[in-house]
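Colleague: what follows is a protein structure lacking sequence information:
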């Protein structure tokens, strides 16, 4: 991804391997500080996933793959490392997909680092295909809404939901993006607007509760990411996604989730089976380390919600756009 | 309202008159500091409305009434004061209602302060009636959702949407309240949870985007306030209200707006005619004075949205519960 820093432009991925270390853009420090975390123990990679130094389902998968490579190079207990990495966050499917993939590679004698690099490169290739298919959905001179960050930061590079937006812009289409800020952690305001600014794509940040207001005034398409998609097309994504899906259907606005095939979990029949992570209350009651809520007041903080498939116009995947009833085509890919 | 301060309990209104001054709880300082602003010039009252020292449609009305009383006592130009006060905020109907009421009282030789006190007392009486009618809608052992602050702070005392909740609790009903935090200014988290804590009513704060998730899991009733209600039952309220109304209908959850008759504006036929205030971008891009958004990124900040009447189960008013098609009964009251 293109990153503008003090007047210069650099190219970086969200996660990569360099000089024996797993490197990742510290997504907690953005947009104010651009910092790269350098991790040389697989336990530190697990902690970086848990504390959201790296976040976004495909980036988490790549980080976990590199974490497994580190574990192999450390001669650590591979099964233990796999368990540790899988235990960091419960909702995103890519995490389990990546760790299982690396377990198979290591057991079959493959080079761990090459396998992890191939895994990360593969995500980027898939995102490029997602962008190509999804860009066709975005008309010239249109208003797009997205939620949270399903961009290059979330997907090693390019992005899932942001891939079609980047690609449409590169094709010369004029577009404007509504970015809902995405409380509690504000990934929309902190990360998506940072990526769009770096790309020079016109956009505005809005409060999450203003999404319906602007959709009613005129949004042409909603594109979000996905953390896990069940066999029937129900999918988990950042809290607030379900509301946008319901509003989109009510208003007749096409609603798409963009995700690579690694996001699909054919072992579960519906969204009911997707575990929803609850994070600390302080993510809601405190902002930038300062308490906002009255003392003694409780918060509930589900990190994801489940959107039933009936609200989904289609899934933008690397093999094309699929309606919720067409997911069988992805099985086993 | 009951206010717990360092182990003692005091009773205060949101706005009152004392020792020649308009007094108001500074709602910008809550929940961290309990401060009372003392204003002895009508211009200062106008500024306090504009900068949201006082907020909430009925409280704004009462503050404006006291501001008009101050203007009369100052021997200021009454028409000028009326224009100044009416120009502070565009959306809430009570403001215009209160100023026009005071203009009539002053022109007809009434005592300005007695008239303003009567106006404020009348709001409280109406809120008590709203509470009585609305409490019947809340079953024992139920989950209630509200948005923003339509409590005692917003309505001189007792509240509009919070009046039925207070009353149901006093009747011994067990209830749990989901309080959506209400970005950008966080009136839900800062003010509603403060009021509910003071009253000992069980509740939790949630991110606005989590409202749909919890409604889907099981909310029995949604009650919000209203800033202006058009003849056809469309109504303006804090940004984020429209989304909850759509979700409530989708999920079959009763959705009520609680408001005194002064909120109804029969001069407009639909919500299309309600002016929607846009406030500063910094309310979105900064939190507690610290910038969160990347430098150079824009925000859009509509303070209200309009909920079409088709999503409203009923309006909880001081004369009873009225469906959107029954509003004619209120005309001229």
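Modeller: Looks like it arrived, so ask away. Just so we're clear, the structure is a prediction, and the values are computed from it rather than from any experiment.
Colleague: wait, what's in contact with the closest residue to chain B within the stretch 1-150 of chain A?
Modeller: The stretch 1-150 of chain A approaches chain B most closely through residue A:31 (3.7 Å), counting by Cβ to the nearest Cβ. C-beta coordinates here come from the backbone N, C-alpha and C atoms, glycine included. Taking Cβ atoms under 8 Å, 6 or more residues apart in numbering or on different chains as the contact definition, residue A:31 lies against A:190-191, A:193-194, B:293-295.
Colleague: do residue A:272 as well
Modeller: A:234, A:306.
Colleague: can you read off the pLDDT for the residue of the stretch 1-150 of chain A closest to chain B?
Modeller: Looking at residue A:31, its pLDDT stands at 96.
Colleague: spatially nearest residue to it (excluding sequence neighbours)?
Modeller: Of all residues not flanking residue A:31 in the chain, residue B:294 sits nearest, at 3.7 Å (Cβ to Cβ, 6 or more residues apart in numbering or on different chains).
Colleague: how near is the most centrally placed residue in chain A to residue A:316?
Modeller: By Cα atoms, centre = their mean, the mean C-alpha position of chain A lies nearest to residue A:56, the distance being 3.1 Å. According to Cβ to Cβ, to the nearest Å, residue A:56 stands 16 Å off from residue A:316.
Colleague: what does residue A:31 give?
Modeller: On the measure of Cβ to Cβ, residue A:31 and residue A:316 end up 26 Å apart.
Colleague: now do residue A:171
Modeller: On the measure of Cβ to Cβ, residue A:171 and residue A:316 end up 16 Å apart.
Colleague: who has more neighbours, those two?
Modeller: residue A:316 (29 against 12; other Cβ atoms under 10 Å in any protein chain shown).
Colleague: that one against residue A:255, yeah?
Modeller: No: at 11.1 Å, residue A:316 does not count as touching residue A:255 under the criterion of Cβ atoms under 8 Å.
Colleague: the lengthiest helix in chain A: which residues count as buried?
Modeller: Ordering each helix of chain A by length in residues (DSSP state H) puts helix A:112-135 first. In terms of neighbour count (16 or more other Cβ atoms under 10 Å in any protein chain shown), helix A:112-135 has its buried residues at A:112-113, A:115-117, A:119-120, A:122-124, A:126-127, A:129-135.
Colleague: now the strands for the stretch 51-200 of chain A?
Modeller: A:142-147, A:175-180 (DSSP state E, counting those that start in this stretch).
Colleague: before we move on, what about the stretch 201-333 of chain A?
Modeller: Under DSSP E, counting those that start in this stretch, the stretch 201-333 of chain A gives strands at A:203-206, A:221-224, A:228-230, A:235-238, A:255-258, A:264-265, A:286-287, A:290-291, A:304-307, A:314-317, A:320-322.
Colleague: please identify the most buried of those strands.
Modeller: strand A:235-238 (a mean of 29; mean count of other Cβ atoms under 10 Å in any protein chain shown).
Colleague: per-residue confidence at residue A:312?
Modeller: Value for residue A:312, per-residue pLDDT: 98.
Colleague: wait, what's in contact with the residue nearest to residue A:140 when sequence neighbours are not counted?
Modeller: Using Cβ to Cβ, 6+ apart and skipping the chain neighbours, the partner closest in space to residue A:140 is residue A:173 (4.5 Å). Applying Cβ under 8 Å, 6+ apart to residue A:173 gives the contacts A:135, A:138-142.
Colleague: can you count the residues close to residue A:220?
Modeller: Neighbours around residue A:220, by other Cβ under 10 Å: 17.
Colleague: wait, doesn't it sit right on residue A:253?
Modeller: Yes: shown here, residue A:220 and residue A:253 form a contact pair, counting by Cβ under 8 Å, at 7.1 Å.
Colleague: for the stretch 51-200 of chain A, what spans make up the helices?
Modeller: Using DSSP state H, counting those that start in this stretch, the helices of the stretch 51-200 of chain A run over A:57-73, A:78-86, A:93-107, A:112-135, A:162-170, A:187, A:193-199.
Colleague: what's the average pLDDT for the longest one?
Modeller: To tie it back to what came earlier, the one meant is helix A:112-135. 98.
Colleague: try the last one
Modeller: Along helix A:193-199, the predicted confidence averages to a pLDDT of 97.
Colleague: so what does that helix touch, helix or strand wise?
Modeller: With contacts taken as 3 or more Cβ pairs under 8 Å, 6 or more residues apart in numbering or on different chains; DSSP states H and E, helix A:193-199 sits against strand A:2-5, helix A:162-170, strand A:175-180, strand A:203-206.
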